[in-house]
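Undergrad: Okay, here's the prediction I keep looking at, along with the sequence it came from:
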Amino acid sequence: MRPAAAQGPAAARRAAAPDTRAPLRVTVLVLGGTSEARALAARLAGQPGVRVISSLAGRVRDPAIPAGEVRVGGFGGAAGLADWTRAEGVDAVVDATHPFAETISAHAVAACARTGLPLLRLTRPGWQPQPGDDWHQAGSLAEAATILPSLGQRVFLTTGRQGLSAFAAPPSAALAELWFLIRCVDPPSGAMPANREVLLARGPYTRDAEHTLMRRFAIDVLVTKNSGGSLTEGKLAAARDLGIPVVVVRRPDPSAAPATYGVDDAVSWVRGCAREPGARVPGARVPGARVPGARVPDGPGPARSAGE
């Protein structure tokens, strides 16, 4: 092989010529107010050629605001979401909503099917029982309510402010006799258990603090959704320490979108959806925009929950 200096005048001219190709661009819509969504927006915002728009549902008062552009509120269903992505020139969608946000995840799948946009699900691993845990699985909040009377009398309810009505219209007299400590970020409304105290708090919640809280209120059973998240799992460790049974509401079935646990994978996927200005045909998928693994089951691993 000849040394670089002897490659000839044509090669030298090519090496010296400026790159006149237009920079690649991508507009990505990130759905969700979770910490994963914020981490992704922070990684993408400010990168050359990347426009990131984060969409928040608007259900949490004073939410943490992600980097980049932000919109708040619903889209009006799958059709509204599809129309909005067309109007904004969106090239790719990342669904980084809460693991129990079934409606918006279904809308994202339907909207991207309508428009041909690539869709990625960025989710967090679910919690797994550890040695010493006393877990009782439930498929819904209503099923969790039916399990409670056989497990305890003083309930620590950490399933968020939505769905409290499942514990307010008791299917049995035994449930009506229970007392509830209800923890949520914002004040709840609607039907709630009659015997209750509401605690407004925002995570993270440490193991020691949860231990102290449960002893203070003489809690003898915990109810949680399997949201995952290292900064809200202190309650599980505290329950384990105290020998308190835990009713765990299973996650809904995952959406049909390809999925990943990793923000790094999501960043690479978004960059793989980049295009030359004007090159994208509306509704066309970007070849090669793929993350291994079509579905992600519950599994161990760190992440932060947007709520409980």
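TA: Everything's here; your move. What you are looking at is a predicted structure, and each value in this text was computed from that prediction instead of being measured.

Undergrad: Make sure I have this right: residue 85 is in a helix.
TA: Yes - assessed with DSSP: H, G, I helix; E, B strand; the rest coil, residue 85 lies in a helix.

Undergrad: In this structure it contacts residue 111, no?
TA: Yes - under the criterion of C-beta atoms under 8 Å, residue 85 makes contact with residue 111 at 6.6 Å. No exception for glycine: its C-beta is placed from N, CA and C like everyone else's.

Undergrad: any residues in contact with both of these two?
TA: 93, 117 (C-beta atoms under 8 Å, 6 or more residues apart in numbering).

Undergrad: So which residues of the stretch 151-300 of the chain form strands?
TA: Using DSSP state E, counting those that start in this stretch, the strands of the stretch 151-300 of the chain run over 154-157, 179-184, 196-200, 221-225, 246-249, 259-260.

Undergrad: Regarding this protein, what is its longest helix?
TA: Scanning the chain for the helix with the most residues, using DSSP state H, yields helix 102-115.

Undergrad: for it, packing partners?
TA: Judged by 3 or more C-beta pairs under 8 Å, 6 or more residues apart in numbering; DSSP states H and E, helix 102-115 is in contact with helix 77-88, strand 92-95, strand 119-122.

Undergrad: at 6 Å what do you get?
TA: Helices and strands touching helix 102-115, as assessed by 3 or more C-beta pairs under 6 Å, 6 or more residues apart in numbering; DSSP states H and E, comprise helix 77-88, strand 92-95.

Undergrad: Quick one: those as JSON lines, columns for mean pLDDT too.
TA: Shown next, in JSON lines, are the helices and strands packed on helix 102-115 (pLDDT from 0 to 100):
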{"stretch": "helix 77-88", "mean pLDDT": "96"}
{"stretch": "strand 92-95", "mean pLDDT": "97"}
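
Undergrad: between those, which gets nearest to residue 269?
TA: strand 92-95 (7.7 Å; C-beta to C-beta).

Undergrad: who touches residue 51 in this structure?
TA: The neighbours of residue 51, taking C-beta atoms under 6 Å, 6 or more residues apart in numbering as the test, are residue 27.

Undergrad: Any regions of the stretch 151-300 of the chain where pLDDT drops low?
TA: For the stretch 151-300 of the chain, the stretches with pLDDT under 70 are 171, 276-300.

Undergrad: Do a quick rundown of the helices in it.
TA: 173-176, 207-216, 234-242, 263-272 (DSSP state H, counting those that start in this stretch).

Undergrad: list the buried ones in stretch 165-178?
TA: 166-168, 170, 175, 178 (16 or more other C-beta atoms under 10 Å).

Undergrad: Nice, that's everything, thank you.
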